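Trainee: structural data only, the sequence is not supplied:
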């Protein structure tokens, strides 16, 4: 059963009250999945949103930074999106009237062992380190990039990727060490925020499908990337303003499910609901359910592991490539240590990713291999990212068997590839199974039924977003 399919016998009958009577629904977690499901379901039901932390948004975490005498909002988690692979997020933003701006998605690699730097922005950045011109391994890397893109594009299109890991695929097809550790693994580890060793264990079929969908296997016609103007809190605030019952700093301590309803225990006491949606990380949901979790819930939710990542906001350019010409929007940084065991360290140059008024380089470093100097440190943040090994992929296939059982539903970025679009889509799927269809999806279905792809209003809205 594919993600988003409705198990037989569920659908609208998931409403214990029957008919169109409004349910009282508890949503646990206020990241994009929780906000999305609460916003959709609150149109027809009474929704209470519980958030353990002190702010809404999860990885949509915008903070104000004062630099060069100017204060401006910047994002520290969710940063960019595009129309091609984030269609639902674009639909939500259009529905909410969220302003967007163009972004840059250039990529650079800076290693200490061996000493090598390059960026794919242009020829000058590619060979900013002049010794790359005489490196046969570097030329081999470039050749392997073209070969990999050509061969794997065909595999992705024909759904013919073998059932092996990414590392095994690279070994079988004799891809060079330079291609592996100077390009592919740094790029992949930067995208998924996980150590390089974990990235090599990623199922190659899932990896290629994601890269193909996101245009990463092609040199030309890549998606145009965008960012939320004013920071992602612009959409978070719009959703929050429409929700009547939002509870910050309110972790759900316990849940008891029965035929008559769901009892939720928090600092507000024990409250009764008709249904509960876990829009938090899978391991958090499992901890809350504790002894109430079924054997299948323990198997599915317990199969997803998480990588802890520390994000540091600063102005220390030592955490960027040594050559300024190599600086890119995404900068993979690696210190000393074995190439396949380094923790991922990525420095995002926010001045390029988001429209900011700052002249001073503003950097967000994920797991910096050396600390920024104290007077250049602004703030630090803690994030968790799901790890998509084979066990996680297998668990995702069984998730539909859980939906609606015991008045319980699950959504979150962990149900897909781990990104904002996945979190929102999973929320839409849960809402649809409970009888509420996202307005942009409803419009698409209506247009499809008439044989039209889009109407003038839809096209104008997409053009306006990217203007």
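Mentor: Perfect, I can see it now. No experiment lies behind these values; they were computed from the predicted model shown.

Trainee: so residue 155 is in which element?
Mentor: Residue 155 belongs to helix 136-157 when assigned by DSSP states H and E.

Trainee: which strands or helices does that helix pack on?
Mentor: helix 177-179, helix 204-213 (3 or more Cβ pairs under 8 Å, 6 or more residues apart in numbering; DSSP states H and E). Yep, even glycine has a C-beta here, placed from its N, CA and C like the rest.

Trainee: the ones you listed into a markdown table, with extra columns for mean pLDDT and mean neighbour count?
Mentor: Output for these, formatted as a markdown table (pLDDT from 0 to 100; neighbours: other Cβ atoms under 10 Å):
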| stretch | mean pLDDT | mean neighbour count |
| --- | --- | --- |
| helix 177-179 | 93 | 18 |
| helix 204-213 | 84 | 20 |
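
Trainee: reformat those helices as TSV; add distance to residue 78.
Mentor: Formatted as TSV, the helices and strands packed on helix 136-157 follow (distance: least, Cβ to Cβ, whole Å):
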stretch	distance to residue 78
helix 177-179	30
helix 204-213	17
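
Trainee: so for residue 189, which of those sits nearest?
Mentor: Checking the helices and strands packed on helix 136-157 against residue 189 by Cβ to Cβ gives helix 204-213 as the closest, at 11.7 Å.

Trainee: name the helices or strands packed onto the closest one?
Mentor: Packing contacts for helix 204-213, counted by 3+ Cβ pairs under 8 Å, 6+ apart, involve helix 136-157, helix 166-172.

Trainee: pipe the ones you listed into TSV and attach distance to residue 95 per row.
Mentor: Compiled in TSV, the helices and strands packed on helix 204-213 are given as follows (distance: least, Cβ to Cβ, whole Å):
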stretch	distance to residue 95
helix 136-157	31
helix 166-172	37
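
Trainee: out of the ones you listed, which one sits most buried?
Mentor: helix 166-172 (a mean of 17; mean count of other Cβ atoms under 10 Å).

Trainee: could you report the separation of the residue of the chain most remote from its centre from residue 127?
Mentor: Seen from the C-alpha centroid of the chain, the residue lying at the greatest distance (Cα atoms, centre = their mean) is residue 134, 38.4 Å away. Residue 134 sits 10 Å away from residue 127, going by Cβ to Cβ, to the nearest Å.

Trainee: for residue 237, same thing?
Mentor: Residue 237 is 45 Å from residue 127, by Cβ to Cβ.

Trainee: then residue 329?
Mentor: Residue 329 is 19 Å from residue 127, by Cβ to Cβ.

Trainee: neighbours of residue 303, how many?
Mentor: Neighbours of residue 303 under the rule other Cβ atoms under 10 Å: 18.

Trainee: can you confirm it is in a strand?
Mentor: No: going by DSSP: H, G, I helix; E, B strand; the rest coil, the assignment for residue 303 is coil, not a strand.

Trainee: leaving out chain neighbours, which residue sits closest to it?
Mentor: Nearest-residue entry for residue 303: residue 395, 3.6 Å, with adjacent residues in sequence omitted and distances by Cβ to Cβ, 6 or more residues apart in numbering.

Trainee: that neighbour and residue 296 touch, don't they?
Mentor: No: applying Cβ atoms under 8 Å as the test, residue 395 and residue 296 come out as separate, 10.2 Å apart.

Trainee: how about low-confidence regions in the stretch 301-450 of the chain?
Mentor: The stretch 301-450 of the chain contains residues with pLDDT under 70 at 335-343.

Trainee: just the stretch 1-150 of the chain next, same as before
Mentor: In the stretch 1-150 of the chain, residues with pLDDT under 70: 1-20.

Trainee: so how far is residue 99 from the residue nearest the centre of the chain?
Mentor: The centroid of the chain falls nearest to residue 419 when counting by Cα atoms, centre = their mean (1.6 Å). Using Cβ to Cβ, residue 419 is found at 21 Å from residue 99.

Trainee: who are the contact partners of residue 354?
Mentor: Counting by Cβ atoms under 8 Å, 6 or more residues apart in numbering, residue 354 makes contact with 74, 75, 79, 101, 103, 227, 231.

Trainee: partner strands of the helix or strand harbouring residue 264, with direction?
Mentor: Assigned by DSSP H and E, residue 264 falls within strand 261-266. In the sheet, strand 261-266 lines up against strand 254-258 (antiparallel), strand 269-273 (antiparallel) (DSSP bridges).

Trainee: winner for burial among the ones you listed?
Mentor: strand 254-258 (a mean of 16).

Trainee: which other residues reach it?
Mentor: 262, 263, 264, 265, 276, 288, 289, 290, 292, 406, 407, 408.

Trainee: out of the residues you listed, which are buried?
Mentor: 262, 263, 264, 276, 288, 289, 406, 407, 408 (16 or more other Cβ atoms under 10 Å).

Trainee: ok, and the closest non-adjacent residue to the last one?
Mentor: The reference is to residue 408. residue 276 (5.5 Å).

Trainee: how about that neighbour, secondary structure?
Mentor: strand.

Trainee: in this structure it contacts residue 26, no?
Mentor: Yes: at 4.6 Å, residue 276 and residue 26 qualify as touching, with contact defined as Cβ under 8 Å.

Trainee: can you list residues touching both of these two?
Mentor: 262, 264.

Trainee: I'd guessed residue 433 sits against residue 400; true?
Mentor: No: the pair residue 433 / residue 400 is not scored as a contact, 9.2 Å apart, by Cβ under 8 Å.

Trainee: picking that back up, could I get the contacting residues of the residue farthest from the centre of the chain?
Mentor: No residues are in contact with residue 134 under the rule Cβ under 8 Å, 6+ apart.

Trainee: just checking, residue 348 is part of a helix?
Mentor: No: counting by three-state DSSP, residue 348 is not part of a helix but strand.

Trainee: what is the burial count for it?
Mentor: 25.

Trainee: from residue 205, how far out is the closest residue to residue 313 other than its chain neighbours?
Mentor: With sequence-adjacent residues excluded and distances taken as Cβ to Cβ, 6+ apart, residue 313 is closest to residue 378, at 4.4 Å. Distance, residue 378 to residue 205, using Cβ to Cβ: 40 Å.
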